[in-house]
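Need a 3D model of the following:
(one chain, ligands or ions: 1)
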Amino acid sequence: MTVSLESPTSWRPDAPKTERRPIFDVWPQLSKNLPISHLADLPTPVEALDRVTGSLGDARVFVKRDDVSSLVYGGNKVRTLEVLFGKAKALGCTHIYSTGAFGSNHATAMVLHAPRAGLGSGVVLFPQPRSWAALENLRVILSTRPAVHALPHWSALPFGMWRARRSAVARGHRPFVMVPGGATPTGALGYVSAALELGEQVAAGDLPRPETVLIGVGSTCTSAGLLVGFHLAAKLGLGFRDAGGNPAPPALVSVRVTPWPITSQTLVLRLAVRASERLAELAGDPSLVVEKRDLAPHFRVDGRFLGRGYGYATPSGLEAQRLWHENGAHELDTTYSAKAAAAVVELARQGRRGPIVFWSTKSTPALPPPDVDALRSSPPRMRRWMEKAEGELSRGKLEPPLVESPGSPVRLLT
Ligand SMILES: Cc1ncc(COP(=O)(O)O)c(C=O)c1O
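A predicted model of the protein is given here:
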């Protein structure tokens, strides 16, 4: 697809979208062995971010708009869910469960997309720092009325997953319970295909070959898939080649949004290698197995933008969020995309020329309005959390939304 590189708003809902996924073109054997549910509107566009970063330096910055990977609910998790839903359905499962924090984007994406794939849904969630984005997500999750397991703390997750599985089976369901972020070798294959998609866009001249790609990292799934995909695309000569025709994958900088050891360089590399092993097995091609030493020179985790921890806003993230907003670019959230954007701002200010690609991962299409009855009947632990968040937002103790949503006002329960 050709998109304008001039304007940061060239994405159009009527742009042609296809069910084509480059991973199946490159390795046709996968069409037999890797079932997927088509959820995303792909390819996502690439746009120049000149209006946002032009004032910061000479860097050429582009954005990969995975925030609009679907109008139902976009963001990075949709690509992961395509393969995990496919796997769940191939296993004969009737229900899919997402696990994570109260405001999980993975859970939000799952509850909104599961009905499209004919799957029932459930969530196993634990408390997190309160924020507007997390409150908005939890409202949406509960409004779809999934099976809900509200845990007191993240450390109860293994028990919560076991209990969710057991109670689903007792109700006659066949559950597929995903780990947080869907971070498994199969889940990562969605982003192997995304990396090939960017390679195709480079080859088509939609953007120059990126020197660096920046993205937020939490569960490691997205970064691991990209890392393998960039490496294999470069090897195949798909987009990432230098002027001499040699493989030149972009350097991936994953900006940490969760603390060590949940996110680490080692964990991303380990998952990347396992994802390449899964790909090799499914494609019937052992040469696709990638070693850590092939990937490590092109990868680093940057922990400097994390701040107090997962879910806490940071001054540099808020600055980036305002910069994007004031220049008419897509909205950023304080937990993920603003922290990665802060790293982009820093690179641009340092005078790096790039080209840099900022991978936009937080969904931006409007969320469905919440169902207040469903919120009122939610587990007391979640209800108290939402009431506190509403109070803190309206007293200015938490950053209020930059864009008011008429269907989802700050105060709904209080
Ligand atoms: C908006 C957003 N960006 C980035 C990430 C990080 O992706 P991953 O968990 O695959 O590392 C997530 C994870 O949920 C996310 O929701």
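
wait, does stretch 198-215 contact the ligand?
No. Applying Cβ under 6 Å from any ligand atom, one finds stretch 198-215 separated from the ligand by no less than 6.7 Å. (C-beta placed from N, C-alpha, C; glycine too.)

How about that stretch, which residues are buried there?
198-202, 206-207, 209-215 (16 or more other Cβ atoms under 10 Å).

Which pair in these has the greatest spatial separation?
Within these, Glu200 and Leu214 form the most distant pair, 20.2 Å apart (Cβ to Cβ).

For Gly407, which non-adjacent residue is spatially closest?
Excluding the flanking residues, the one nearest Gly407 by Cβ to Cβ, 6 or more residues apart in numbering is Pro369, at 3.4 Å.

do Leu34 as well
Here the residue nearest Leu34, using Cβ to Cβ, 6+ apart, is Leu282, at 5.3 Å.

Which residues of the protein lie near the ligand?
Contact residues, the chain versus the ligand (Cβ under 6 Å from any ligand atom): 75-77, 105-106, 181, 216-223, 336-337, 361-362.

repeat that with 5 Å
Residues of the chain lying near the ligand by Cβ under 5 Å from any ligand atom: Asn105, His106, Gly181, Gly216, Val217, Gly218, Ser219, Cys221, Thr222, Tyr336, Thr361, Lys362.

Quickly find the element holding the residue nearest to Leu34.
Assigned by DSSP states H and E, Leu282 belongs to helix 265-283.

helices and strands of this structure: which one bottoms out on pLDDT?
Least confident helix or strand of the chain, by mean pLDDT, DSSP states H and E, is helix 50-53 with a mean of 90.

low pLDDT regions in this structure?
1-16 (pLDDT under 70).

ok, back up a step: how far does the least confident helix or strand of the chain sit from its chain's centre?
Distance of helix 50-53 from its chain centroid, counting by Cα atoms, centre = their mean, to the nearest Å, is 23 Å.

Can you tell me what sits against that helix?
Under the criterion Cβ atoms under 8 Å, 6 or more residues apart in numbering, residues Glu6, Pro8, Ala59, Val61, Leu323, Trp324, Asn327, Gly328, Ala329, Val344, Val345, Ala348 lie in contact with helix 50-53.

if we go to 6 Å?
Residues from elsewhere that reach helix 50-53 (Cβ atoms under 6 Å, 6 or more residues apart in numbering): Pro8, Ala59, Val61, Leu323, Trp324, Asn327, Ala329, Ala348.

Could you export the helix or strand just after it as PDB, CA atoms only?
Next helix or strand after helix 50-53 toward the C-terminus (DSSP H and E): strand 61-65. Written as PDB, here are the backbone C-alpha positions of strand 61-65 (Å, rounded to 0.1, in the frame of the first residue of the first chain):
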ATOM      1  CA  VAL A  61      11.300   9.800  12.000                       C
ATOM      2  CA  PHE A  62       8.500   7.600  10.700                       C
ATOM      3  CA  VAL A  63       5.700   5.900  12.600                       C
ATOM      4  CA  LYS A  64       4.400   2.400  11.900                       C
ATOM      5  CA  ARG A  65       0.700   2.800  12.700                       C
END
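
Which neighbouring elements make contact with strand 61-65?
strand 46-48, strand 356-360 (3 or more Cβ pairs under 6 Å, 6 or more residues apart in numbering; DSSP states H and E).

quick check: domain ranges of the protein?
Domain segmentation of the chain under automatic domain parsing yields 22-76+183-360, 94-173+380-394.

Give the full set of residues in contact with the residue nearest in space to the middle of the chain.
The centre of the chain sits closest to Asn76, judged by Cα atoms, centre = their mean, with a distance of 2.7 Å. Going by Cβ under 6 Å, 6+ apart, Asn76 touches Asp66, Thr222, Thr361.

which non-adjacent residue is nearest it?
Thr361 (4.0 Å).

circling back to that earlier point, just the residues of the chain next to the ligand now: which is nearest Leu34?
Once Cβ to Cβ is applied, the member of the residues of the chain next to the ligand that ends up nearest Leu34 is Cys221, at 15.8 Å.

all strands for the protein, in order.
With strands called from DSSP state E, the chain shows them at 46-48, 61-65, 95-101, 120-126, 147-150, 175-177, 212-217, 251-256, 299-302, 356-360.

Run me through the strand neighbours of the first one, direction for each.
This points to strand 46-48. strand 61-65 (antiparallel) (DSSP bridges).

For stretch 289-302, give the distance from the opening residue to the closing one.
This stretch, stretch 289-302, spans 26 Å end to end (Cα to Cα, to the nearest Å).

Just the buried residues of that stretch, please?
Val289, Val290, Asp294, Leu295, His298, Phe299, Val301, Asp302.

likewise stretch 20-32?
Buried residues in stretch 20-32 (16+ other Cβ under 10 Å): Arg21, Pro22, Ile23, Phe24, Val26, Trp27, Leu30.

Run through who's touching that stretch.
Contacts of stretch 20-32 (Cβ under 6 Å, 6+ apart): Val192, Ser193, Leu196, Glu197, Glu200, Leu282, Ala283, Gly284.

most neighbours, which of those residues?
The most neighbours of any of the contacts of stretch 20-32, using other Cβ atoms under 10 Å, belong to Val192, which has 32 neighbours.

Verify the contact between that residue and Phe230 for me.
No. Between Val192 and Phe230 there is no contact under Cβ atoms under 6 Å: 9.2 Å.

out of everything not next to it in sequence, what's closest to Ser378?
Leu142 (4.8 Å).

Let me fix that, I meant to ask about Glu392.
Sequence neighbours aside, Leu398 is the residue nearest to Glu392 in space, at 4.5 Å (criterion: Cβ to Cβ, 6+ apart).

what's the one you found sitting at in phi/psi?
Dihedral angles of Leu398 (phi, psi; degrees, to the nearest 10) stand at phi -120, psi 150.

tally of neighbours for it?
With other Cβ under 10 Å as criterion, Leu398 counts 22.

mind starting the numbering at 210 from now?
Sounds good: first residue 210 from here, last item Leu607.

That one and Ala598, how far apart?
Using Cβ to Cβ, to the nearest Å, Leu607 is found at 7 Å from Ala598.

which ones are touching Val464?
Val464 is in contact with Gly425, Asp511, Phe514, Lys548, Ala549, Ala552, counting by Cβ under 6 Å, 6+ apart.

and stretch 372-379, which residues are buried?
Within stretch 372-379, the residues that count as buried by 16+ other Cβ under 10 Å are Ala373, Arg374, Ala377.
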